Each structure stands twice: as structure tokens, then as C-alpha cells.
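In: With the input below, show me the fold.
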Amino acid sequence: MNIRIRDVEISDAEMVWEWRNSLDARANSNNNSLIPMNDHLGWMLSRIENLPQNPFWICESSDSPIGYLRLDSTESGSNHFIVSIFVDEKFQGVGIGKKMINLAIMELRRKNEHFVLQAEVLKKNRSSLAMFNSLGFSLVLDSRDRQTLVFYSHE
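Out: Residues are numbered from 1 along each chain as shown. Next up is the predicted model:
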């Protein structure tokens, strides 16, 4: 399946909100509570204003949305990002997440010589752990319920 990424738009707000509040997303999130739509809209407008510093992409196949990938800058620097990824349940288990991360890496390499991607994954989310490991992310922290993995672009 061929996929592409595009910048998120305000017209995507309801879809992203529904994805974010899905049982699967909440089960694998640091914050598993339901997000009210009004809170989400405010957050979404703020994220769109910050797209140049904090990329947020909708992933599509044949112009149908299949997920999103968001990168949030850390306090460590503007080229150090926390990864947040969601693949619609209809497209899970077929390598879409891996393709999404690879597209993000290619996009970042066009803009930055060096960058760091960091993923914080609950240990129970074995498919995500396997995906990040297969993409060359290295384990840097192993706590009771989660693992922190990083990808260094210069390696």
C-alpha cells in the first residue's frame, strides 16, 4: 500500500479527535482519558500554528486518511522530537506505522542534518515496540510500565 503524508488542517480536527478518543488510542496513551471536543479544538489550533517547529501529518492512502504522526519538540532542542503515532484500526498490522515513521524520517532529513526521535511506549504495546526496534530505535530507558527508545539521524 502506498501512503503519503500531508500537514494536518483544521478540517481534520473531528477525525483526529475521534482517533485520539478511540479505545485503542487511549489504551496505549500516556493520558487515557476522553478529551472533550472543545479542549481538542483549542489544542488543534495551537498545534497548527506551530507546524514548522512541531510537524503534525495526516497519513493517507488513495486520499483516504489512515492515521496521523505528530512530532513534539522537547526541551532538549528544536531537533529533538517525541513521536506520537496512530494508525486507524482498519489498517493496523500491515506495516503502515513503519511506513509512516520512514516518511517522517525522510521529511526531517530534507530539512535537518541531525535530529533525534524519541518514542515512549507502554510495555504492553508489543507491536509498537517491535516496530520502533525494527526501525533502528535504541532502548535508552526501561521503567516498570514503559520503554523509551530513540533514533539518532546521524547514525
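
In: lowest-pLDDT helix or strand in this protein?
Out: strand 77-87 (a mean of 90; mean pLDDT, DSSP states H and E).

In: and the next element down the chain from that one?
Out: helix 96-111 (DSSP states H and E).

In: who touches the helix or strand just after that following helix?
Out: Sequence order places strand 116-122 as the next helix or strand after helix 96-111, per DSSP H and E. Outside strand 116-122, the residues within contact range by Cβ atoms under 8 Å, 6 or more residues apart in numbering are 28, 30, 71, 74, 76, 79-83, 101, 104-105, 108, 128-129, 132, 137, 145-153. C-betas here are computed from N, CA, C, even on glycine.

In: Buried only: go through these for me.
Out: 28, 71, 79-83, 101, 104-105, 108, 128-129, 132, 137, 146-151 (16 or more other Cβ atoms under 10 Å).

In: Partner strands of the least confident helix or strand of the chain, with direction?
Out: Applying DSSP bridges to the sheet, strand 77-87 is found paired with strand 64-74 (antiparallel), strand 116-122 (parallel).

In: Can I get it in PDB, CA atoms only?
Out: In PDB, the C-alpha atoms belonging to strand 77-87 read as follows (Å, rounded to 0.1, in the frame of the first residue of the first chain):
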ATOM      1  CA  GLY A  77      16.300  21.300  21.500                       C
ATOM      2  CA  SER A  78      14.400  22.000  18.300                       C
ATOM      3  CA  ASN A  79      15.700  18.900  16.500                       C
ATOM      4  CA  HIS A  80      14.700  16.500  19.300                       C
ATOM      5  CA  PHE A  81      11.100  15.200  19.000                       C
ATOM      6  CA  ILE A  82       8.700  13.000  20.800                       C
ATOM      7  CA  VAL A  83       6.800  10.700  18.400                       C
ATOM      8  CA  SER A  84       3.100  10.200  18.600                       C
ATOM      9  CA  ILE A  85       1.600   7.900  16.000                       C
ATOM     10  CA  PHE A  86      -1.800   6.500  15.400                       C
ATOM     11  CA  VAL A  87      -2.900   4.000  12.700                       C
END
